[in-house]
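1. Provide a 3D model corresponding to the input given below.
(one chain, ligands or ions: 2)
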Amino acid sequence: MLKWAMATHPMSYHELRAAIARPEPPEPVACPVCRLARRALLLWIEDLVYSFGVDPQVRREVRVARGLCSRHAHLLTEIRGMALGVSLIHLDVIDTVCEDLENRTAAPPGSAASADLADGLMARLRRGAAVARLREGIRSAVAPARSCLACEHQREVEELYLTTLLRHIGDAELAAAFAASPGLCLPHFNQAAALASDAPTLRLLIDAERHCLLRLRDELAEFARKNDHRNLGERVGPEADAWIRSIDHVTAMGSLR
Ligand SMILES: [Zn+2]
Ligand SMILES: [Zn+2]
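-> Numbering: from 1, shown residues only. Ligands and ions are numbered 1, 2, ... in the order given. Predicted coordinates for the structure are as follows:
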């Protein structure tokens, strides 16, 4: 792990409870772990871009990873002041790819262009081997040799928040806040289940999540009912945006997944 990886994320029960109780505008109403992880990730990515300019180890790791994965790279466009940092990162990545391409796809000594035109079994085998070698050269120049740094950090942040949630899920105050919240998105519900180590905690988690799921389910059913041509005159209620919230709930929020 890079030395600054967790530096910006002190964990606290109060932070989690506040996030469950209410989103900070303009954050959407969604899974609290999605919101906290996204907030933490935006700060961390900002740090990463800054560190890239001053820390050779960070530069090396980012280069080996060929930048960030698609969803985290696109988060960069949501942070102000990233233009120069992003340019420097991708300048470095593209330079590395070009250098690797040159090294790994250069024609071997002694290979003549005329061999490409020759006929016969041996010539065809040589051409097949040359194609395979070039493809492998391209693959190894382009493919990341390590996972996305932001993906690794996101998982650590999510696990910290989920572990805190599990530790306090029996607290009356937290349980009440959770019941009033949208609950965990399905990917984070599943991730929490993998982190829980005893059946009573898992039972509390299931009951809390099921309560939130059933409420969303009822809102979706109500939305569908009011969109039936026989009920089109009825006043729209809080179910109006349930279909949007259901996307976040089933898939995790926006660019986090
Ligand atoms: Zn989530
Ligand atoms: Zn990523």
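2. I'd like to know how many residues surround T96.
-> Per other CB atoms under 10 Å, the neighbour tally for T96 reads 16. Just so you know, the C-beta spots here come from the backbone N, C-alpha and C atoms, and that holds for glycine as well.
3. can we start the residue count at 20 from this point?
-> OK, 20 is where the count begins now, so the last one is T115.
4. domains of this structure?
-> Listed by automatic domain parsing, the domain ranges of the chain are 46-161, 168-275.
5. quick check, the last one touching ligand 2?
-> Yes. Using CB under 5 Å from the ion, domain 168-275 reaches ligand 2 at A169, C170.
6. how far away from the center of its chain is that domain?
-> 18 Å (CA atoms, centre = their mean, to the nearest Å).
7. can you mark which positions in stretch 40-59 are buried?
-> 46-47, 49-59 (16 or more other CB atoms under 10 Å).
8. ugh, typo on my part, it should be stretch 260-269
-> Neighbour-count burial for stretch 260-269, counted by 16+ other CB under 10 Å, picks out A261, R264, S265, D267, H268.
9. and these, which two are the farthest apart?
-> A261 and D267 (10.9 Å; CB to CB).
10. what is the burial count for the closest residue to W63 other than its chain neighbours?
-> Distance criterion CB to CB, 6 or more residues apart in numbering; nearest residue to W63, sequence neighbours excluded, is H172 at 5.5 Å. Residues within reach of H172, counting by other CB under 10 Å, total 24.
11. please, which helix or strand holds H172?
-> For H172, the element it lies in under DSSP states H and E is helix 168-187.
12. extract the CA atoms of that helix and return them as PDB.
-> Provided in PDB are the C-alpha atoms of helix 168-187 (Å, rounded to 0.1, in the frame of the first residue of the first chain):
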ATOM      1  CA  LEU A 168      -4.900   2.300  -7.300                       C
ATOM      2  CA  ALA A 169      -8.300   4.000  -6.800                       C
ATOM      3  CA  CYS A 170     -10.100   0.600  -7.000                       C
ATOM      4  CA  GLU A 171      -7.900  -0.700  -4.200                       C
ATOM      5  CA  HIS A 172      -8.400   2.300  -2.100                       C
ATOM      6  CA  GLN A 173     -12.200   2.300  -2.600                       C
ATOM      7  CA  ARG A 174     -12.400  -1.200  -1.400                       C
ATOM      8  CA  GLU A 175     -10.400  -0.400   1.800                       C
ATOM      9  CA  VAL A 176     -12.700   2.700   2.500                       C
ATOM     10  CA  GLU A 177     -15.800   0.600   1.900                       C
ATOM     11  CA  GLU A 178     -14.600  -2.100   4.200                       C
ATOM     12  CA  LEU A 179     -13.800   0.400   6.900                       C
ATOM     13  CA  TYR A 180     -17.300   2.000   6.800                       C
ATOM     14  CA  LEU A 181     -19.100  -1.400   6.500                       C
ATOM     15  CA  THR A 182     -17.100  -2.800   9.500                       C
ATOM     16  CA  THR A 183     -18.100   0.300  11.500                       C
ATOM     17  CA  LEU A 184     -21.700  -0.200  10.500                       C
ATOM     18  CA  LEU A 185     -21.600  -3.900  11.500                       C
ATOM     19  CA  ARG A 186     -20.000  -3.100  14.800                       C
ATOM     20  CA  HIS A 187     -22.800  -0.700  15.800                       C
END
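13. is that helix anywhere near ligand 1?
-> No. Helix 168-187 does not reach ligand 1 (CB under 5 Å from the ion); its nearest approach is 7.8 Å.
14. what packs against that helix?
-> helix 32-40, helix 51-73, helix 89-94, helix 191-199, helix 205-214 (3 or more CB pairs under 8 Å, 6 or more residues apart in numbering; DSSP states H and E).
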